[in-house]
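Trainee: All I have is the shape, not the residue letters:
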C-alpha cells in the first residue's frame, strides 16, 4: 500500500511531517510518497535512516499557507503539495492522502480532485470528541450548518460505518440529538428525520439529550453541523476553564507535576482535535485524512495508521454500499 | 409588597416552602399570601414565629403533582394552589407569585391567567447557567425549539433587560451564538437575525462561538431553545462526569471532605438548576417566579428575593417598553 503524505502541510512542516512519515512507513509497513519541493524533502529525508523503507519523493514546488482562501489558492498554485498528493490517489498511484492542512485546502483539494459520493454535496466531519466517551461519535461537527433530514440520515450512515470499520463496534447504536428522549420531542428537523432513521436499517435507538453525550448512551449521535460545532467548541472551552480552575485549586496541595498532569488530562479529554489527531474526510470518493495543523511527528504517524486502516477496511466502498442500501430501504432512488 | 407563595409546590412542600416563606417575609420585608389547603398551611405556620410579619393564608384545597399533564390538570383542578396564587396577581391582590412547580404547571398557569406580552407566544426561559461565567446569560434554554429571527430578537431584548435589571449590568453586551465570529458565519437563522440585532438598539457585539460561552465574552448569548436546551444539559452532564473523575483521581491524595467539596464545586458550577434556584418566567404579563422542584427553604427564600427585585425593577414594564422601542427602531409595527 502506498500513502501520499503532504510534506508541507501543518505548522511544523516539513521537519515533523517527514519525521512522522518515516516512522509511519516503518510502523505500519506502508510505502510513502512524500510530496513537496524536491530539495526540501530530500534534505529532510537525509536526516533519517530509511533503510528497507519504501519512500519516494514526488516534486511539488508550491504549497498552501494558513489564511489563504482555499479554493482561490488552489487555482493559483497548480503545483501545491496537497493538490499533487491528492492527484496521486485519483491516478491510482497512492491509496490514500494524508495532510496536516490547512484543513480548508485539504477539503477543497479532495472535493475538486476526488469528488464526493453520489448524493452527498459536502464532506462530513465528525468522530469521538470526548475522552470520557471514546465509543461515542458525533456527526456532523461543523461542515454542514443547514441540514435537510436526508442529510442527517447520511450522517447516521457515515457514523455507523465509522463506528464499525474504524472503532470495531458491531451493530453500533445510532441516536438523534434532541431536547427530550421521547419520539415527537425536538425541532422540526428532528421530527422529520426520526421516521427516516427508523426505516433505514441502522440500529436506531431514538432521541438522546445533551445529558447523554458524555455518558456513552449511543455510539453515533447525529446533529447538524451548527449544533455540532457549537458543542465541540463549548466542550473544549469548558474543559480548559475547569483545567485552569483545577490547577488553581490544587496548587500547593499536590505536587506541581501531578497538578499539571490532572489539568492536562481534563483539557485533553474535552479537546477533540488534540486528542484524536487525524481522521478520514467522510463522503469523499477516496481516502483523504486530515491531521490537525499543530501535529508533530507522532500525530502524523498515527494519521498514517488511520489512513492504512481506512484503506484496509475499504471505507469508501463500505460507505457507498451502505448509502445505496439505506436509500433502497427507504424507497429513495439514489 | 405582597407575594403569593404556592405552599404546595415542590418536592418538599409544604414544610420547606412555608419555612422559606416565613424567612423571606422577614429577610425581604414583604407580605406573604400563603396559598394551599387552609388546615395544612395553618399547621405549618404554627411551627414558626411569625410575630411582626404580614402573613395571610389563602385557601386552595387542591394542588398539582409531578407527572400530570399541566394543562389538563389545571382544567380538572380549578382550586389548585398554583392557579389560585397566580389569580391573586391577576386580581391585584399580590404583586408576584412564587412556586416550586411542577414547572409545566407554573408556566401553564402563568400563560392562562396572566397571558404573555404582545407579540410573544410562549414564555422564555434562560439565565446564567455556568458558575464560571456568572455574568453571562443564555436565552432561550428550551421553551422555544423552532425559532424565527424575530423571536431571537425578542430573546435578546429579554436577556438585556435581565442583565440590566436583575444583575445590575449597565449596557450589557449581546451576541449571537454561531459557528464563527465573523458576520456571515452561521446557519440561515443566524444570518437573518444578525441585521435585526444590528439595528434594534441593543449593545450587539456580533457572533460568538461555543468556545466563548464559559469565558464571559458577552453578557447575553442568544440561541434557539433547541441549541440552548442541549447545551445546558450537556454542561450539566459533563460537569458531573468530570466531578466523578475528580473524585476518583483525588481519593487518597486529599482529605475525603476536600475531595467531595471539589467534586461538588464542579457539579454546581455546571448545573444551572441547582446553582440558581428560582427566577422569573419571561414574556409573561406579570411576575411569576419558578423555583426548582428540589428547593428547600433557603431556595424558596432566595426566590422570594428575586420576585421582590423583579417587582421593584418593574421587569414587566421595562420589558414591554424595550420590546416596543426595539420594534420601532426596526420599523416593525407591534
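Mentor: Cool, got the structure. Everything quoted here is computed from the prediction, not taken from an experiment.

Trainee: Grab the longest helix from chain A for me.
Mentor: helix A:225-250 (DSSP state H).

Trainee: same for the next helix or strand after it, what does it pack against?
Mentor: For helix A:225-250, the succeeding helix or strand toward the C-terminus, using DSSP states H and E, is helix A:256-269. With contacts taken as 3 or more C-beta pairs under 8 Å, 6 or more residues apart in numbering or on different chains; DSSP states H and E, helix A:256-269 sits against helix A:225-250, helix A:272-276, helix B:225-250. Glycine gets a C-beta too; all of them are placed from N, C-alpha and C.

Trainee: ok, of those helices, where does mean pLDDT dip lowest?
Mentor: Mean pLDDT per stretch puts helix A:272-276 lowest among the helices and strands packed on helix A:256-269, at a mean of 66.

Trainee: Report whether stretch A:165-181 contacts chain B.
Mentor: Yes. Figure legend: stretch A:165-181 in contact with chain B (C-beta under 8 Å from any C-beta of the partner chain); contacting residues A:177-179.

Trainee: For that stretch, buried residues please.
Mentor: Under the neighbour-count criterion of 16 or more other C-beta atoms under 10 Å in any protein chain shown, stretch A:165-181 has A:165-166, A:169, A:172-180 buried.

Trainee: now do stretch A:118-130
Mentor: Using 16+ other C-beta under 10 Å as the test for burial, stretch A:118-130 gives A:120, A:123-130.

Trainee: any idea which of the residues you listed is closest to chain B?
Mentor: Nearest to chain B, judged by C-beta to the nearest C-beta, of the buried residues of stretch A:118-130 is residue A:130 at 7.7 Å.

Trainee: thought the closest one was touching residue A:235?
Mentor: Yes. Proximity of residue A:130 to residue A:235 meets the contact threshold set by C-beta atoms under 8 Å, at 6.5 Å.

Trainee: okay if I get the buried residues of stretch A:165-181 as JSON lines plus secondary structure and pLDDT?
Mentor: Written out in JSON lines, the entries for these read as follows (DSSP: H, G, I helix; E, B strand; the rest coil; pLDDT from 0 to 100):
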{"residue": "A:165", "secondary structure": "helix", "pLDDT": "94"}
{"residue": "A:166", "secondary structure": "helix", "pLDDT": "92"}
{"residue": "A:169", "secondary structure": "coil", "pLDDT": "98"}
{"residue": "A:172", "secondary structure": "coil", "pLDDT": "98"}
{"residue": "A:173", "secondary structure": "strand", "pLDDT": "98"}
{"residue": "A:174", "secondary structure": "strand", "pLDDT": "98"}
{"residue": "A:175", "secondary structure": "strand", "pLDDT": "98"}
{"residue": "A:176", "secondary structure": "strand", "pLDDT": "98"}
{"residue": "A:177", "secondary structure": "strand", "pLDDT": "98"}
{"residue": "A:178", "secondary structure": "coil", "pLDDT": "97"}
{"residue": "A:179", "secondary structure": "coil", "pLDDT": "93"}
{"residue": "A:180", "secondary structure": "coil", "pLDDT": "89"}
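
Trainee: I'd like to know which of these is nearest to residue A:86.
Mentor: Ranking these by separation from residue A:86, with C-beta to C-beta as the measure, puts residue A:166 on top at 20.9 Å.

Trainee: Any stretches of chain A with poor pLDDT?
Mentor: Counting by pLDDT under 70, chain A contains low-confidence ranges at A:273-277, A:333-334.

Trainee: Name the SS class of residue A:293, please.
Mentor: coil (DSSP: H, G, I helix; E, B strand; the rest coil).

Trainee: dump the residue contacts of it.
Mentor: Going by C-beta atoms under 8 Å, 6 or more residues apart in numbering or on different chains, residue A:293 touches A:9-11, A:66, A:100-103.

Trainee: 7 Å instead, please
Mentor: A:10-11, A:66, A:100-102 (C-beta atoms under 7 Å, 6 or more residues apart in numbering or on different chains).

Trainee: and these, which two are the farthest apart?
Mentor: Pairwise distances across the contacts of residue A:293 (C-beta to C-beta) peak at 10.8 Å, for the pair A:66 and A:100.

Trainee: Neighbour count for these two, which is higher?
Mentor: The neighbour count for residue A:66 versus residue A:100, taken as other C-beta atoms under 10 Å in any protein chain shown, is higher for residue A:100 (32 against 13).

Trainee: Provide the backbone phi and psi angles at that one.
Mentor: The phi/psi pair for residue A:100 (degrees, to the nearest 10) reads phi -100, psi 20.

Trainee: The one 4 residues further on now?
Mentor: Reported as degrees, to the nearest 10, the phi and psi values for residue A:104 are phi -60, psi -40.

Trainee: Just list whatever residues bridge to the residue nearest the centre of chain A.
Mentor: Compute the mean C-alpha point of chain A, and by C-alpha atoms, centre = their mean the closest residue is residue A:279, 3.4 Å away. With beta bridges defined as DSSP bridges, residue A:279 has these partners: residue A:290.

Trainee: Now do the contacts for it.
Mentor: For residue A:279, the contacting residues are A:127, A:289, A:306, taking C-beta under 7 Å, 6+ apart as the criterion.

Trainee: What residues does the stretch 151-300 of chain A have near chain B?
Mentor: Proximity of the stretch 151-300 of chain A to chain B, by C-beta under 7 Å from any C-beta of the partner chain, involves residues A:177, A:179, A:186-188, A:209-211, A:213-215, A:226-227, A:229-238, A:241-242, A:249, A:253-254, A:262, A:266.

Trainee: Could you export the buried residues of stretch A:165-181 to TSV, including columns for distance to residue B:111?
Mentor: Converted to TSV, those look like this (distance: C-beta to C-beta, whole Å):
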residue	distance to residue B:111
A:165	50
A:166	49
A:169	45
A:172	42
A:173	38
A:174	36
A:175	32
A:176	29
A:177	28
A:178	24
A:179	19
A:180	20
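
Trainee: quick one: terminal-to-terminal distance for stretch A:248-255?
Mentor: According to C-alpha to C-alpha, to the nearest Å, stretch A:248-255 extends 13 Å from its N-terminal end residue to its C-terminal end residue.

Trainee: Buried residues, that stretch. List them.
Mentor: For stretch A:248-255, a neighbour-count test (16+ other C-beta under 10 Å) marks A:249-250, A:254 as buried.

Trainee: likewise stretch A:130-138?
Mentor: Of the residues in stretch A:130-138, those with enough neighbours to count as buried (16+ other C-beta under 10 Å) are A:130-133, A:136-138.

Trainee: Kindly report the same for stretch A:79-87.
Mentor: Neighbour-count burial for stretch A:79-87 flags A:80-87 (criterion: 16+ other C-beta under 10 Å).

Trainee: what sits up against that stretch?
Mentor: If you take C-beta under 7 Å, 6+ apart as the criterion, stretch A:79-87 is touched by A:4, A:6-9, A:35-36, A:58, A:60-64, A:74, A:97, A:99, A:105-106, A:109-110, A:113-114, A:288.

Trainee: same deal with stretch A:160-170?
Mentor: A:127, A:135, A:137, A:172, A:174, A:202, A:219-220, A:309, A:313, A:315, A:318-319, A:322.

Trainee: on that earlier part again, out of the buried residues of stretch A:118-130, which sit inside helices?
Mentor: When DSSP H defines the helices, the subset of the buried residues of stretch A:118-130 inside them is empty.

Trainee: Which of these fall in strands?
Mentor: Mapping the buried residues of stretch A:118-130 onto strands (DSSP state E) picks out A:126-128.

Trainee: For those residues, give me JSON lines that also has distance to residue A:142.
Mentor: As requested, these are arranged in JSON lines below (distance: C-beta to C-beta, whole Å):
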{"residue": "A:126", "distance to residue A:142": "9"}
{"residue": "A:127", "distance to residue A:142": "12"}
{"residue": "A:128", "distance to residue A:142": "15"}
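
Trainee: Which of the residues you listed sits closest to residue A:43?
Mentor: Top of the list for closeness to residue A:43, among those and by C-beta to C-beta, is residue A:127 at 34.5 Å.

Trainee: Got the domain ranges for chain A?
Mentor: A:1-118+A:281-315, A:124-275 (automatic domain parsing).

Trainee: Take the ones you listed and write them to a markdown table, including distance to residue B:299.
Mentor: Written out in a markdown table, the entries for the domains of chain A read as follows (distance: least, C-beta to C-beta, whole Å):
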| stretch | distance to residue B:299 |
| --- | --- |
| domain A:1-118+A:281-315 | 45 |
| domain A:124-275 | 22 |
